[in-house]
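model this:
(2 chains)
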Amino acid sequence: MTNIPILKERKKQIYHKGEGVFDLTCDTKSLAGSVSQRACVFCGSRVVLYPIADALHLIHGPIGCASYTWDIRGALSSGPELHRMSFSTDLRERDIIFGGEKKLYASLVQLIDTYRPNAAFVYCTCIIGIIGDDVDSVCKRVTEEKGIPVLPVHSEGFKGTKKDGYKAACESLSMLVGTGSVEDIGKYAINIMGEFNIAGEAWTIKEYYENMGLEVVAVFTGDGRVENIKRSHGALLNVVQCSGSILRLAQIMEEKYGIPYIRVSYFGIEDMSKALYDVAAHFKDNLGIMKKTKEIVRNEIDTIYPDLLRYKKALSGRKAAIYVGGAFKAFSMIKALRSLGIDVVLAGSQTGNKDDYKVLRDMCDEGTVILDDANPLELSKYCIEKGADLFVGGVKERPIAYKLGIAFCDHNHERKISLAGYSGMINLAKEVYSSVLSPVWKFAPQRMISQKNMTRR
Amino acid sequence: MKTQEKIEYKATSNACKQCSPLGASFVFRGIERSIPLLHGSQGCSTYIRRYLISHFNEPVDIACSNFTEETAVFGGGANLKLAVENIIKQYKPELIGIATTCLSETIGEDVPMILKGYNKENFDENFPEIVSVSTPSYSGTHIDGFHGAVRAVVDSLSVKKKTNTKQINIFPGMLSPADLRHLKEIVSDFSTDYAMLPDYSDTFDGPLWTEYQEIPEGGTKIEKIASMGDAVASIEFGKILAGKESAGKMLESRFNVPCHSLGLPIGINETDAFLKALETITGKPVPEKYIQERGRLIDSYADGHKYVFDARAVVYGEEDLVTGLASFLSEVGIIPIICASGGESGLLRQKILDIIPDAKDVGIRIIEGADFVEIGKEAKKIDPDFFIGNSKGYRIAREMKKPLIRVGFPVHDRLGGARIVHVGYRGAQQLFDTISNTIIATRQEASPVGYTYM
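Take a look at the predicted model:
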């Protein structure tokens, strides 16, 4: 046990499986003073739209929001890299008093003339709503003058949570969808949604689908291109990963264009294979697709299985804590870690909803701690109390793990290593192995308390 | 008139600055048992935490009052108070440092007014000190937030108790933890008492933990800040800061504590000035250790002078860092051919000219309010030998195939940003060796022969 206190209001967002009735509070604003690991509405929009590589991303506000999100994601592009630039209207006191519209207009014109993007997104930060800039009008004017779509993103930081930012991004994207020609799109065409091409993951996934005989119209938004998004309503199925971030767009496209969607995950052998089978099953009229899918799955698993077994032998019996953005990723991680013989003792997310947490509860072992919108103190407390050997999370969780002598695997959007697909499963195993088995932990004071036998592979 | 307007409405592309609450967070992290609290949106604290964590590789807890739509309309008082209460329950701090944001400033939040009566007298003696600083992100840069927070802390905590202290106040500015550690060593070697604000040498660069630490150990002690009004003198670093309001000047006008405004002690000239100030204040001679260190440094200057002579460097970062580096570079014969900063104090040009009077003749370009696109454009015109500054210049350096020597903040693409020593003879030694060897290595690699001697 530790002496780390838990705030009364926060107790409703923490559940110990096997203890009491399950009634986890979630989908709420973060508690003031709690030190949430979440960011804001702007962050939600920024992460979703960020990988669109041939668009201009202009952040309307003072400099901070642009500075802190410059080149922040590991989202790769096969061509243009305009998304890796950080553009800001950099509002000053004078603009706050007199309004920022003129500066926004001038900035847009100047940047569009310089960089010739295929579209522009204008992100509203906190104060834009307060100072009353009419961003929609400015965007409309520049659209007309420059002949490219200039889309406002209503992502004022305080107007909800990160999830509301996802919605705002989806709404901006929906203004692009349906504006391109669908003439050349065939019968077996899909959109990959909620895949951001971190470390080239979208390319791996796209290749699987293409080998199955499918056509990929657009990826939302990894290695994204404006032209593909414009014609994405020509697809016959939306395949949605990381459902929290892009589900709203899939819903809009279902309402507007009658395109059905399915939810998938590409992490771990189990979920990866299920994704491919589910997509294949959708195209019932073409039995060849399912046949090819079976071949692909078999071949891929055959290739990685021997390595996987070796890693499993070395890692079996370790305990992991998982804290990620969306709950869907947590589900996949639990399964993926189990396939390496690792038990999950803590599982949480920043933005999970009631249904997500029910699934999570059902998946977890007795005694597992489930957390919504956790803070560093809670994560530390339960890592220590549950004896975690490994933490799977993002940059903000990394130093917490290390200070306590716990191994760490980065599963956030900054990572440089592909973790999706079958090859990604091996990369995950390698990542986990190289941290858990490192000899440096023998010097960590926390670990000396519960020293474990280190068996090398 | 028209062209002027165009210049005014320029977008910033790849900023060479951060927002002011980030700087304030540095300071509040550098006080013992203190925690920063940002009065604004959840994203403000999370983005700044992430930015700091990526540099320091340490847990960085920064609380937030978590504005909602209702807060933005009806005011953030209730949220701010709730945040204070929750921080006390979770962290048991001795000080909560509140920094405002663009959001709370724009809606006109008056933090001291909201928290009037939130003190030890009205609660209990365990109630923390509360210091607030106004840091609207639309005015100034992170460095203004830094100095503003130092001033706010001194303003609300320092008094004249008329104790018979021999304390020297040190206001180091935004240096690395290793720098702060070295400064403390130097002052201690003069066998004098001191108070350094802020001091995040331990809180941003500590060992692994035996037990969980809600707030990492270390930082300036509050009683040391309290006795700053009794100090025999203050030393504050930063030639740009010297032209602005500062904590040191406040103590001088309020309590007659003489303030020595010096440049950042980077290189021999500025370190000499620092040690001389310590000699003057303490009446003690410079310890032999530093005379030796200085001697070895000059010896290495002699060994390496030819390799660096007339090399051209692109220098960027906070204005005071740029000024300090320019001083060091010019004393070893390197031309800081571009001196650029995202800051806009309006003082940078003059301070560079003070150090390098013939800057114009040499072709030195001084860019105030610069962003990295502008720095890149200028750099391409002149084919420099190397870049020196934070890691955000990497993209330009890579594009131009020039080495980047990482100093300052942030260093997001290498380990050890916290361990870089810039100040003192020791810092100059590190910088000189790194720069010389970078130039030597570049020539060695480009050479068809690949000599194994220099």
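
For B:His55, pull up the helix or strand it's in.
If you go by DSSP states H and E, B:His55 is part of helix B:42-56.

helices or strands up against that helix?
Secondary-structure packing of helix B:42-56 (3 or more CB pairs under 8 Å, 6 or more residues apart in numbering or on different chains; DSSP states H and E): helix A:41-49, helix A:64-67, helix B:20-29, strand B:34-39, strand B:63-64. No exception for glycine: its C-beta is placed from N, CA and C like everyone else's.

Need the ones you listed in a markdown table (columns: mean pLDDT and mean neighbour count).
Putting the helices and strands packed on helix B:42-56 into a markdown table (pLDDT from 0 to 100; neighbours: other CB atoms under 10 Å in any protein chain shown) gives the following:
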| stretch | mean pLDDT | mean neighbour count |
| --- | --- | --- |
| helix A:41-49 | 96 | 28 |
| helix A:64-67 | 98 | 29 |
| helix B:20-29 | 98 | 29 |
| strand B:34-39 | 98 | 29 |
| strand B:63-64 | 98 | 29 |
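
Any idea which of these gets closest to A:Leu428?
helix A:41-49 (21.0 Å; CB to CB).

Tell me how confident the model is about the next helix or strand after that closest one, as a mean pLDDT.
Sequence-wise, the next helix or strand downstream of helix A:41-49 (DSSP H and E) is strand A:55-60. The predicted model gives strand A:55-60 an average pLDDT of 98.

Same question for the helix holding B:His55: list its buried residues.
Residues of helix B:42-56 classed as buried: B:42-56 (neighbour count, 16 or more other CB atoms under 10 Å in any protein chain shown).

ok, back up a step: mind putting the helices and strands packed on helix B:42-56 into CSV with distance to A:Val440?
Putting the helices and strands packed on helix B:42-56 into CSV (distance: least, CB to CB, whole Å) gives the following:
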stretch, distance to A:Val440
helix A:41-49, 32
helix A:64-67, 33
helix B:20-29, 26
strand B:34-39, 29
strand B:63-64, 31
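
closest to A:Lys8 out of the ones you listed?
Across these, A:Lys8 has its closest neighbour in strand B:63-64 (16.7 Å, CB to CB).

in the stretch 351-454 of chain B, which spans are strands?
When secondary structure is read from DSSP state E, counting those that start in this stretch, the stretch 351-454 of chain B shows strands at B:365-368, B:386-389, B:404-406.

Isn't A:Gln380 up against A:Ile4?
You called it Gln, but residue A:380 is Ser. Yes - A:Ser380 sits in contact with A:Ile4 when judged by CB atoms under 8 Å, with a separation of 6.4 Å.

Between the two, which contacts overlap?
Listed as contacting both A:Ser380 and A:Ile4 by CB atoms under 8 Å, 6 or more residues apart in numbering or on different chains are B:Tyr212.

So for those two, which sits in the more crowded spot?
Set side by side, A:Ser380 and A:Ile4 show more neighbours around A:Ser380, with 25 against 18, by other CB atoms under 10 Å in any protein chain shown.

can you tell me how far the closest residue to that one other than its chain neighbours sits from B:Phe274?
Residue nearest to A:Ser380 in three dimensions, not counting chain neighbours: B:Tyr212, with 5.2 Å by CB to CB, 6 or more residues apart in numbering or on different chains. Between B:Tyr212 and B:Phe274 the computed distance is 38 Å (CB to CB, to the nearest Å).

Can you report phi and psi for the residue nearest to A:Ser380?
phi -60, psi 140 (degrees, to the nearest 10).

still on that earlier bit, to chain A, which of the strands of the stretch 351-454 of chain B lies closest?
The stretch from the strands of the stretch 351-454 of chain B with the least distance to chain A (CB to the nearest CB) is strand B:365-368; that distance is 14.0 Å.

And the closest one, how far out from the chain middle?
In this view, strand B:365-368 has its centroid 20 Å away from the chain centroid, taken as CA atoms, centre = their mean, to the nearest Å.

give me the low-pLDDT residue ranges for the chain?
Picking chain A for this. A:1, A:448-457 (pLDDT under 70).

wrong chain, I was asking about chain B
Low-confidence segments of chain B (pLDDT under 70): B:1-8.

For the longest helix along it, buried residues please.
Longest helix in chain B, counting residues (DSSP state H): helix B:424-446. Buried residues in helix B:424-446, defined by neighbour count with 16+ other CB under 10 Å: B:424-432, B:434-436, B:438-439, B:442.

How about the residues of the stretch 301-450 of chain B by chain A?
Applying CB under 8 Å from any CB of the partner chain, one finds that the stretch 301-450 of chain B approaches chain A through B:373, B:392, B:395.

one step back: and for the residue nearest to A:Ser380, the neighbour number?
Neighbours around B:Tyr212, by other CB under 10 Å: 19.
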